[in-house]
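S.K.: pasting the sequence and the predicted coordinates here, then a few questions.
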Amino acid sequence: MECSIEEELLVCEIEQSWHLLFCGDAWRSVGRNQAFSSCKSRRCSDQWRIETSPCQLVFTCLRLCFEDSVQDMTRAFTRIPGMTMALVRRFPVTTLLVNLGVLFLVLVAFSWSPTAVGENQVGYGYRVVCVNEVLNGDAIIADLDLIKGTDVYGPDVERLQLTVRYDNRDRIRVHLTDTNSPRWEVPADLIPRATAQELNTLRNATYSPDSSKAACRKLKVPLSRKPTIPVQNTAHPLEFSYTTEPFGFAITRRSNGEVLFNSTPSISMVNESATPSFNNMVFKDQYIELSTQLPSDSALYGLGEGTHAAGLRLAKGHTYTLWATDIGSYNLEIDLYGSYPFYVDVRKGGLTHGVLLVNSNGMDCVYGDEALSFKTIGGVLDLYFFAGPSPKAVMDQYTQFVGRPAPMPYWTLGFHQSRYGYKTLKEIETVVAKYKEVDLPLESMWSDIDYMDRYMDFAINPDTYPPVEFRKFVDTLHANDQKFMMIVDPGIKIDDDYPPYVRGKELDVFVRNEDGELYLGQVWPGAVHYPDFLHPNAKQWWAKEISEFYKQMPFDGLWLDMNEPSNFCSGPNCYYPPDVVCPEALDWCCMVCDNTNVSRWDRPPYHINTHWNKELYEKTITMTARHYGDVKHYDAHNIYGFAQTVATNKALKEITKKRPFVMSRSLYPGAGQFTAHWSGDNGASWNDLRYSIASIINSGLFGVPMVGADICGFFPSTWEELCNRWIQVGAFYPFARDHSDVHFGPQELYLWKSVTHSAKKVLSMRYRLLPFLYTLLHEAHVTGSPVARALFYVFPEDATTLDVSDQFLLGDAILVSPVLSGGQSSVKAYVPKGTWYNIFDWSAIRSNGSHHVLDAPWDSINVHIRSGSIVPMQEYANTTALVRRSPISLLVAFDGQEGDSASGDMFLDNDDDFGMEVRPKSSTYLRFKASLSANGGSIRSSATYGDWAEQQGLYVQKIAVLGVQSMPASVRIHGVEAPESVRFDLNTSAALLEISGLRLPAGKDFEVVWESTPNAAVGFVASI
């Protein structure tokens, strides 16, 4: 039986619905027969008849599926209204069941029409009325008209412009905005991309499939062909498709047909009524909602910043609110400092993709049982889908778009000491002296607001930090290869005798009120104005103030705090009563705030789930305040800290002529290319120690890999056992700093003997691993991969790793399994498949991918190196500068089997260049490869631009090989018998071979081969 033209069109419509609704991840886009064949095992079982005509094929499968799929069938017919009767007319119905069933579905379809939804419906969705296809086939522009409006959360936007682009080989962009009125978007100078206005120009390069001269294809009926954008390069891993009324779209992975994002709701029967799983797309001025279906086995990560009891993996039934807030990170399940509308989705088998919504407005991300909904209070929908298919690929694609992580100076990998409460210079000098006395490494001292004169930025207290003595102290640190960091807050004190304030007013760089007056806030120095870092003069002014301050005190980096931005007073109508004199250094509001009448911006119609249900203006700038270009703070709030990091990074480059170091609290996607991060004011508790692991992993996933948590906890007082265990973990954070609060006791590592003992042990290992960690920073800058990685990031195909939140990896090679609760002397750790060696005592675990109970005495942490890895190390010293000049050793880990191989690399550079590129005269890149055979083994090194390493006099002194139990008979270097100065020893109990005394120039290629005695067998590593 053949199909008429009309019936062919009908079949195409059914295909569309089947694609989106029935087949799910089984859909294949390579042809009708193969597409329906993919559904065979899902619905039609062995009764499927592929040899029948397409029309009969569709009907047969629908009939066979009816009895057990009535809900799914309802979904199909609600997507293709009116087609039911066409099917009945064309194909005789032979059973009463099918007659009644089809009639039922028709009734359900019409009962669930948009006009039948209840009065409280937020929106009814949009219909596609016009489609333009870009000439080269890589994009479309479409017009969407509102189906029906509501007043819930305000009026709907009448017409939307949809732009879809296959941006590059692994990314799709979906952009939706008001066709008739411009809307706020994240500035393109923060995240470079085509703006809405630039996207609109694509209309000039479009054609209509129906007429090459038409500017637009008008749609009078539902789309009568498979709605997929034509792509010239069909190798693109993703495919975009859409339905016309109500509008919905899907992103599908071509390789397996899996649907990654589907904004068309599924339908379920509730009280005999067809109920959608979520709303169709809603687009109002102050409320935008878009949802996607999710399979039950999705594992989601991201959507921060927050501290969550559930751990790393996002928990169903939770709402994740994105609103930059000044509040301690020890608070659970609330919005914190940063705003990251980005998530990573790991599916069955480890296939991974990422989704980014470039929208800086306040937002709730509601994670249901089978759906995720974005509910934002402004802006546009600007979505980016990253194809993966692995977590590493997603991070590469994501950071390629938002910006690669910033190059970090080598010294930032050292140990740092800080405290809010070093009230005098003498206190800081004493701390430095005591670290030296107990022989603990100290790379830098950090100064909180204690150094400031009346808590003003760029001003030094002449009484407690005498400038001359202060400068001598910093110069002494530099002479000892140590560094000094200083804090700045955004609020600038209102004082006509204060040069930064005077210069800021002259350049008009401060945020203003709605009426044009300078906005008034209060933080540490009292009454303040806030710099507007979106103002074109702001970077110039900010650089000037940093430059003048640097002349006084040659600091080594800047620490940006309270840049959400924080405000001790809340509301749009705050003022200082004329008869009230406020004391200095208040952490409470001294102004009077009358918030009885606030605008729709400070109290929008939809209230996002902010901390403790507070108003948007709580503890920050009022939403009606204006930035440059009449931008409301309502729109720009979540990017305030981001904009400040850009200005600070730029200023430091200009002033120091060296690679800058910026540490910022409030961030947004893309900020990682300018700054590092810490997890904020955490708690001194076992829970906070546990939460810190998820915090540092998440920061890496957001594109900010240089991250740490305050070691021993910031607030309240810590205690010996907690601090002891925390330094064991913190020594392996990418960024390691001890920081505490003024209201509680100090917690330097030398205050308890047990903590000092543990600190020496773990910091000694950290400093020996510095070349490995620095190479990871280079990898992060080049590929976007985090330094500290979730287990699922390296082992996504291992389903157990998806729920591991209390361990982490450094790169792919080192597994950290800490004790995270009191009174414990062992830890139950998940060990992925492979052989792993304890880096402190070389004991081995051979795991099939299972949990192991590991000994963890009070002074020990379990850190294991993965077989197949080569880790570069150097000798321990108390500063990173001394470590960098020491001989190199290579730690090679074999599984212990014949035919094993291992690899690793090492990046070296001058530490001053703005970038971390591999290039001549300033850097060297080494690649190591090793192999094991029955008769011995070998290790080879190849150098790129080795001259620089040679100029530094660097050489490889020792090679340690794990997984070997046969004593070598000889060692050859470049095929020649090694000289007598080269020694080799075998520790049979540890299966460790050490070849020392090599003195091989690091900048030159080399090969070292060891040969075992005849008939010696390769050792087998026993499991424990």
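M.R.: Yep, it's here.
S.K.: rest of the way, CA atoms for contacts and neighbours
M.R.: Noted.
S.K.: ok, now which ones touch the spatially closest residue to residue 783 that is not a sequence neighbour?
M.R.: Nearest non-adjacent residue to residue 783, counting by CA to CA, 6 or more residues apart in numbering: residue 396, 5.0 Å away. By CA atoms under 8 Å, 6 or more residues apart in numbering, residue 396 lies in contact with 783-785.
S.K.: tell me the one of those residues nearest residue 512?
M.R.: Using CA to CA, residue 784 comes nearest to residue 512 of these, at 37.3 Å.
S.K.: any idea how far residue 705 is from the closest one?
M.R.: 8 Å (CA to CA, to the nearest Å).
S.K.: identify the contacts common to the two.
M.R.: Here residue 784 and residue 705 have residue 405 as joint contacts, going by CA under 8 Å, 6+ apart.
S.K.: so the spatially closest residue to residue 473 that is not a sequence neighbour is in which element?
M.R.: Nearest non-adjacent residue to residue 473, counting by CA to CA, 6+ apart: residue 429, 7.5 Å away. Element membership for residue 429 (DSSP states H and E) is helix 425-437.
S.K.: list the buried ones in that helix?
M.R.: Counting neighbours by 16 or more other CA atoms under 10 Å, one finds that the buried residues in helix 425-437 are 425, 428-429, 431-432, 434-435.
S.K.: again with stretch 851-871
M.R.: 854, 856, 858-871.
S.K.: any stretches of this structure with poor pLDDT?
M.R.: 1-119, 135, 205-233, 1013-1024 (pLDDT under 70).
S.K.: mind listing what the residue nearest the centre of it touches?
M.R.: Residue closest to the mean C-alpha point of the chain, counted by CA atoms, centre = their mean, is residue 702 at 1.4 Å. Neighbour list for residue 702: 302, 340, 342, 669, 672 [criterion: CA under 8 Å, 6+ apart].
S.K.: apply 10 Å and report the result again.
M.R.: 302-305, 339-344, 395, 398-399, 402, 405, 667-672, 696, 784, 786 (CA atoms under 10 Å, 6 or more residues apart in numbering).
S.K.: show me these that map onto helices.
M.R.: Among the contacts of residue 702, the members falling in helices (DSSP state H) are 395, 398-399, 402, 696.
S.K.: rewinding a little: does anything pack onto the helix holding residue 429? Which helices or strands?
M.R.: strand 415-417, strand 444-447, helix 467-479 (3 or more CA pairs under 10 Å, 6 or more residues apart in numbering; DSSP states H and E).
S.K.: turn those into TSV, including distance to residue 799.
M.R.: Formatted as TSV, these follow (distance: least, CA to CA, whole Å):
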stretch	distance to residue 799
strand 415-417	35
strand 444-447	41
helix 467-479	49
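S.K.: of those, which approaches residue 599 most closely?
M.R.: So among those, strand 444-447 is nearest, using CA to CA, at 40.0 Å.
S.K.: next one: the closest one to chain centre, how far?
M.R.: Centroid separation between strand 444-447 and its chain, computed with CA atoms, centre = their mean, to the nearest Å, is 27 Å.
S.K.: contacts for it next, please.
M.R.: With CA under 10 Å, 6+ apart, strand 444-447 has contacts from 411-412, 414-423, 425, 428-429, 431-432, 474, 477-478, 481-488, 555-559, 737-739, 879.
S.K.: let's see 7 Å
M.R.: 416-418, 482-487 (CA atoms under 7 Å, 6 or more residues apart in numbering).
S.K.: pull out the buried residues from stretch 532-544.
M.R.: 532-535, 537-544.
S.K.: with just CA atoms, put it into PDB.
M.R.: C-alpha atoms of stretch 532-544 as PDB (Å, rounded to 0.1, in the frame of the first residue of the first chain):
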ATOM      1  CA  ASP A 532      30.600  50.900  38.200                       C
ATOM      2  CA  PHE A 533      32.900  48.400  36.500                       C
ATOM      3  CA  LEU A 534      30.700  48.500  33.400                       C
ATOM      4  CA  HIS A 535      31.700  52.200  32.900                       C
ATOM      5  CA  PRO A 536      34.300  52.800  30.200                       C
ATOM      6  CA  ASN A 537      36.300  55.000  32.700                       C
ATOM      7  CA  ALA A 538      36.300  52.500  35.500                       C
ATOM      8  CA  LYS A 539      39.200  50.500  34.300                       C
ATOM      9  CA  GLN A 540      41.300  53.600  33.900                       C
ATOM     10  CA  TRP A 541      40.300  54.900  37.400                       C
ATOM     11  CA  TRP A 542      40.800  51.500  39.100                       C
ATOM     12  CA  ALA A 543      44.200  51.000  37.500                       C
ATOM     13  CA  LYS A 544      45.300  54.500  38.700                       C
END
